[in-house]
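Engineer: here is the input, now give the coordinates:
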Amino acid sequence: MIVTRTRSDRRRLAVAAVIGHLVVIAGAALLREPTLWLAVGLMGPGLCLCVGAATVLRRSVGRPGSTAKDLDERELLLRNRAHYAAFQGICLLMLVDLAYGLYAAGQPGSGSLLSSMTAALLVFGTSLPALWLAWKLPDDDPEDFEDVDEGIPA
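Structural biologist: Reported below is the predicted structural model:
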């Protein structure tokens, strides 16, 4: 498993996840007959990158979806802040989706264009809490991860 205990490691993964999401969104925007294979070629690797990076981030920042009984006060506050920021981000993404829907309404196959864009933006929105936490959390305390072998001579 990839160790992501530092803020810079988490931020690199967050940037990789955002790039993957943007590639998927670009593929969804191009999902029409003349550029269909280009869109599929973009969406496959982009989806692997964004889902892979977001999965590693969810493990490294804790569980943003954990129940309140599993978290202490600090973690609960961070989770609530992350979800509030993600809610605002999802609202922004849905405005982008609305604007794209208005554009796609005049295109042939507007239903498939809008559904692919909505799906791409929804997948991006689901990773926003982990992305927010990855960007905001400080470095982990190295003492928490030291293997202390007391009583064993060196």
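Engineer: okay, the most centrally placed residue in the chain and Asp139: tell me how far apart.
Structural biologist: When Cα atoms, centre = their mean is applied to the chain, the residue found nearest the centroid is Ser127 (2.9 Å). Distance of Ser127 to Asp139, given as Cβ to Cβ, to the nearest Å: 22 Å. Yep, even glycine has a C-beta here, placed from its N, CA and C like the rest.
Engineer: quick one: mean pLDDT over the longest helix along the chain.
Structural biologist: What stands out as the longest helix in the chain, according to DSSP state H, is helix 73-104. Helix 73-104 carries an average pLDDT of 89.
Engineer: who are the packing partners of it?
Structural biologist: Using 3 or more Cβ pairs under 8 Å, 6 or more residues apart in numbering; DSSP states H and E, the elements in contact with helix 73-104 are helix 110-126, helix 128-136.
Engineer: if you set the cut-off to 10 Å instead, what comes out?
Structural biologist: Applying 3 or more Cβ pairs under 10 Å, 6 or more residues apart in numbering; DSSP states H and E, one finds that helix 73-104 contacts helix 7-29, helix 110-126, helix 128-136.
Engineer: and those as TSV, adding mean neighbour count and mean pLDDT?
Structural biologist: TSV is the format used below for the helices and strands packed on helix 73-104 (neighbours: other Cβ atoms under 10 Å; pLDDT from 0 to 100):
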stretch	mean neighbour count	mean pLDDT
helix 7-29	19	89
helix 110-126	18	86
helix 128-136	23	88
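Engineer: returning to that earlier point: next up, the contacts around the residue nearest to the centre of the chain.
Structural biologist: 14, 17-18, 20-21, 50-51, 53-55, 57-58, 64, 86, 89, 134 (Cβ atoms under 10 Å, 6 or more residues apart in numbering).
Engineer: likewise for Val123?
Structural biologist: Gly20, His21, Val24, Ile25, Ala28, Leu47, Cys50, Val51, Ala54.
Engineer: tell me the two of those residues that are most distant?
Structural biologist: Across these, no pair lies farther apart than Ala28 and Ala54, at 17.0 Å, counting by Cβ to Cβ.
Engineer: pretty sure Ala134 contacts Leu78?
Structural biologist: No: the criterion here is Cβ atoms under 10 Å, and Ala134 misses it with Leu78 at 11.5 Å.
Engineer: which neighbours do the two share?
Structural biologist: Val61.
Engineer: setting aside sequence neighbours, what's the nearest residue to Pro45?
Structural biologist: The shortest distance from Pro45 to any non-neighbouring residue, by Cβ to Cβ, 6 or more residues apart in numbering, is to Val23 (7.0 Å).
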